[in-house]
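In: I'll drop the sequence and a predicted model, then ask my questions.
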Amino acid sequence: MGDEKAQRLDDALSSLVDILIPALPEEDEAAADERHDDALELARSIIDNHGSPAVVSDVNHAAELIRKKFRRDNDTPDKEVQFSNLYARLLTQPVLSQKWSILYLLYQLADSDPEGGGPASDDPRPQSRNTGLGRNSDGQDEQVLNDAFATAGLPRLPSQLHESRQNSTSNNGGRAERRAHQRPSRKTEKVDDSGLELGKSNSTGPSESALLRDLPFTLQGLSSTNLPFTSLTTLDLPPNLPIPIISLLHTLTEPSLLYRSLSDFVESRDEGLIGQSLRSAIGGELRSYLSLISTLEGEIRRAIASFDQNEQQGRVGKAGVTLKRCVVWTREATMGLRLMSLMVEEGNSRKGGQLISMIHSFSTHHGDPFVSAFAERMLSHVTRPFYDMLRQWIYDGELSDPYHEFFVTEQDTHEQGEDPRRAPATSVWEEKYKLDETMIPSIVTEDFAKKVFLIGKSLNFIRYGCGDSAWVEAYCKEASRELRYGDTATLETSIDKAYKATMARLIYLMDDKFQLFEHLNALKRYLLLGQGDFIALLMESLSTNLDRPAGSQYRHTLTAQLEHAIRGSNAQFDPPDILRRLDARLTEMEKGDTGWDVFTLEYKVDAPVDVIITPWANRQYLKIFNLLWRVKRVEFALGSTWRRCMTGARGVLAVVDAKMSRDWKTARCCIAEMIHFVNQLQYYILFEVIEASWDQLDAAIHKQDCTLDDLIEAHTKYLKAITHKGLLGSVRHNSVTGHREDVFTAQLHELLKIMLAYKDAVDGLYSFSVAEFTRRQELAAKIETRTAQGKWGLTEQDDEDLHSPITTTANKAAQQDHGADSPFPVAALGLTAAGDDAMLPALRKRLRDLSADFKTRVNNLLGDLLVQPDVDMKFLAVVMNFNDVYTPRKRRREGHREKKTPGQGEANGGKEGADARVGSRAEDKGKGKESVGAVGKGTRVSVK
């Protein structure tokens, strides 16, 4: 079977040689047979040595090439439609297995030049072959043979052989005539795309071979004979060139100019690692471009060397290298140079992450696959410094960014030292490093960048703030790995592992080594008055000292009382480290302040705990403590007065009940009302606010995967909730004064002042009752004495004095003149009847005005609480007014002055009102004396 196929191929090839080789006149038969055999052998060698075409063997592609040729050469689609029909029939033939080869052969034959040129896409035909056919002295046989076996076929018939060819047609059975009818003649000659005819005359400029010879130098940005550079951005083209050649040279000039500008950019210096990496990546691409130019130069030299000097002018294009083909070969490289030039132009004002984002935008926002692949290749080189900085940050906690290109920036230490109030650990965590969102590259998300920032900051804090550098170094050796662009899965895994390990270690150190949660609990128990027995004992032991002016307070006395309160309460069982941090101190004092106004407790914390318990947090704790301390003081004062009244109701007050029962009933009701208000306020702040917020804080700091930032945020939220719900955080703008003022804090302070003033007034009423009781006891003793002496127990003057226990020395002389015979003169009391007439009404008016003022302010407070959006604050208003005894009043528009209620001017109209001490000290148990501050006239009275 194989022999038959080979025989058929030999027969077909022999027939083809008979047709192609013309018969020579006057040639004997032996010479003709020898020439036929030589030509047949040459044809076989050509077929055997001919390589496969440098195209893909795709039958559809070959058919598409033929269709494009039909559309290019014909105005009507008739031939294209006819070919499509024939092509469809060809595909249905199962016998023909080499359909692509058939179509490609036909396409190549159609592109052959009838004047002797081969196909534009084939290799140039050989110039001469040693076939042994050159016996003819004039060389006609060799020329005829070379023309006959050209790659494109026989280009033409020799003119001198035309007659012999015509004579031989009769002997060969008219084969030439039939062949002439079968091969239609072309009406137009096809000119090769290389523009061969352009080089035939030197008058129109340099030839194409000369331009090709200079082209490699031009593409490298070097001047040549025909294509010199006049400046960095200007190339001088030869004059008198045809427009097609100028167009091709313009296209080839672009990569040369781009190469020159990019070379200058690569050789320039940049103060930035990522900028230097970009220059390195562009330099690598330029080296690839030079490699392409080197290959192109080799092709051009081989093409020029394949012809002798006489043939280069018109036949260099037949070697396969033309200006047009150089444009095609450099097209992809030109696109790369153009893209790099665009990157350089847009990256002049960018650095670091911004430069990476700019290059990454070409990869994600461009639809051209070439542009996307080129940008990805550039990113793999440009991002190396970025990933090196990222690796050191997430594994060492060190920022290696000398040119500020990373999205984490380090603040200047001199700027941190400007504020002496800031704690050192606070500056390390919150101020030492900042996240620069403008430098976050688009290859990472914002959440990813925040997680990376937190990892590195935590490692740095563990190393320097917590003093655990050994763990950081061990962790770095164990977990460190190389990071690179494109390996997203490895990068995310590394970040997640580093995040979990770092956060777990940091929380462990804060909990176990630095006892963070113990300190928070101690702050709650001591500064937020959670330790009830300690606070009660402290207030009882300090009450005598704090009643004195602020200038007479001494810190060692306060510290001694604090130690006494600790030893006498359950606070003594707390760890010594907690107790040594608790201290008593005095705040800034003003004129007229007492010890109650300047006393405060302080809890000292050290680094690194002060990252969470910041100076701002200490101020919030101090603000809350001052409010609770004042409320506790009012509760203590009202409780003392209430106990005195309840004790005296069974003794002293029962004697004067007939005269002052109504006054004491009213006073006891008002004191009970105030005690109810204080108790509800304390319960609300201590339980509804502090305890509820503490539960939320405890849940937040013990949740899984908790970070230090979460702890800081939870603690800040805890303090803000306490200050806001605890009536310390609501602020409004006063349109009258133009200042911002607390809505509830000022109201609470005024209410507490009114309560203290009312307590002093009640103490004055009690002192008056004691004086009345003493006068009645002395009168009873006098009656007994007179009765024992046989005299009248009461005289007319005594009957008048029943209504006044106070007489003057002048009245004493008058009584003696009238014959008063009392052995216990009432004048010994040192009181006047006029004082009696003014004291009790003044006390009654004072108590009545303070009670009315108290109710008015409570109504205002309840009205403000009811309009608050917080449910707990509304609940406080409901609890205080559970039986609707108050009428909450909505506050008028801002800036409108409220009408003064009776007595309000006295209550807070300056020093004579809120700050006036109504009544004297409480009953002095040690000396058995009672003192009362005169109300109204300011008279001072002492009674034994």
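Out: Nice, I can see it. Numbers count the residues shown, from 1 in each chain.
In: low-scoring stretches of the stretch 651-800 of the chain, by residue?
Out: 657-658, 729-742, 797-800 (pLDDT under 70).
In: quick one: Ile47 from Lys99, how far?
Out: In this structure, Ile47 and Lys99 are 20 Å apart, going by Cβ to Cβ, to the nearest Å. Any C-beta I mention is one placed from the backbone N, CA and C, and that applies to glycine too.
In: checking the residue lying farthest from the centre of the chain next. Helix, strand or coil?
Out: Centroid-distance maximum for the chain: Gly790 at 102.7 Å, with Cα atoms, centre = their mean. The three-state assignment at Gly790 reads coil, by DSSP: H, G, I helix; E, B strand; the rest coil.
In: got the contact list for it?
Out: Residues near Gly790 by Cβ atoms under 8 Å, 6 or more residues apart in numbering: none.
In: where does it fall, phi/psi-wise?
Out: Main-chain torsions, Gly790, degrees, to the nearest 10: phi 80, psi 20.
In: now do the contacts for Glu673.
Out: Phe854, Val885.
In: Ser361 now?
Out: Ser361 touches Ser442, counting by Cβ under 8 Å, 6+ apart.
In: and it, what's its pLDDT?
Out: Looking at Ser361, its pLDDT stands at 92.
In: list the buried residues for the host helix or strand of it?
Out: Assigned by DSSP states H and E, Ser361 belongs to helix 353-364. Neighbour counts over helix 353-364 (16 or more other Cβ atoms under 10 Å) mark Gly353, Gln354, Leu355, Ile356, Ser357, Met358, Ile359, His360, Phe362, Ser363 as buried.
In: the second one is in contact with Asp436, isn't it?
Out: No: taking contact to mean Cβ atoms under 8 Å, the distance of 10.2 Å between Gln354 and Asp436 leaves them out of contact.
In: can I take it that Ile46 is in a helix?
Out: Yes: assigned with three-state DSSP, Ile46 falls within a helix.
In: how many residues are close by it?
Out: 14 (other Cβ atoms under 10 Å).
In: can you count the residues close to Glu392?
Out: Just so we're on the same page, residue 392 is Gln rather than Glu. Neighbours of Gln392 (other Cβ under 10 Å): 18.
In: any idea how far Ser769 is from Phe83?
Out: 130 Å.
In: neighbour-wise, which of the two wins?
Out: Taking neighbours as other Cβ under 10 Å, Ser769 and Phe83 compare with Ser769 leading, 22 against 19.
In: what residues are up against that one?
Out: By Cβ under 8 Å, 6+ apart, the neighbours of Ser769 are Gly648, Val652, Leu653, Val656, Met660, Trp664.
In: same check on Glu437?
Out: Phe407, Glu446, Ala449.
In: the second one and Glu482, how far apart?
Out: Okay, so that is Glu446. Going from Glu446 to Glu482 by Cβ to Cβ gives 25 Å.
In: more neighbours, Ile47 and Lys99?
Out: Counted by other Cβ under 10 Å, Ile47 and Lys99 do not tie: Lys99 has more neighbours, with 16 against 10.
In: could you say which helix or strand holds the residue lying closest to Thr745 once chain neighbours are set aside?
Out: Nearest non-adjacent residue to Thr745, counting by Cβ to Cβ, 6 or more residues apart in numbering: Leu728, 5.6 Å away. Secondary structure from DSSP H and E places Leu728 outside every helix and strand.
In: circling back: quick one: the contacts of Ser769 as TSV, columns for secondary structure too.
Out: Listed next are those as TSV, based on three-state DSSP:
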residue	secondary structure
Gly648	helix
Val652	helix
Leu653	helix
Val656	coil
Met660	helix
Trp664	helix
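In: please pick the buried ones from the residues you listed.
Out: By neighbour count, with 16+ other Cβ under 10 Å, the contacts of Ser769 hold Gly648, Val652, Leu653, Val656, Met660, Trp664 as buried.
In: identify, from the residues you listed, the entry nearest to Asp37.
Out: Closest approach to Asp37 among the buried ones among the contacts of Ser769 (Cβ to Cβ): Trp664, at 152.8 Å.
In: quick one: the closest one and Leu653 touch, right?
Out: Yes: between Trp664 and Leu653 there is a contact at 6.0 Å, judged by Cβ under 8 Å.
In: pull up the overlap in contacts between these two.
Out: Residues touching both Trp664 and Leu653 (Cβ under 8 Å, 6+ apart): Cys645, Ser769.
In: count of residues packed around Pro216?
Out: Count around Pro216 with other Cβ under 10 Å applied: 21.
In: for it, give me the pLDDT.
Out: pLDDT, Pro216: 91.
In: now do Tyr259
Out: 93.
In: buried stuff in the helix or strand containing it?
Out: Remark: Tyr259 resides in helix 243-267, with elements defined by DSSP H and E. For helix 243-267, burial by neighbour count (16+ other Cβ under 10 Å) applies to 245, 248-249, 251-262, 265-266.
In: next, the contact list for Trp429, please.
Out: Trp429 touches Lys457, Phe461, Gly465, Pro608, Val611, Leu708, counting by Cβ under 8 Å, 6+ apart.
In: among those, which lie within helices?
Out: Lys457, Leu708 (DSSP state H).
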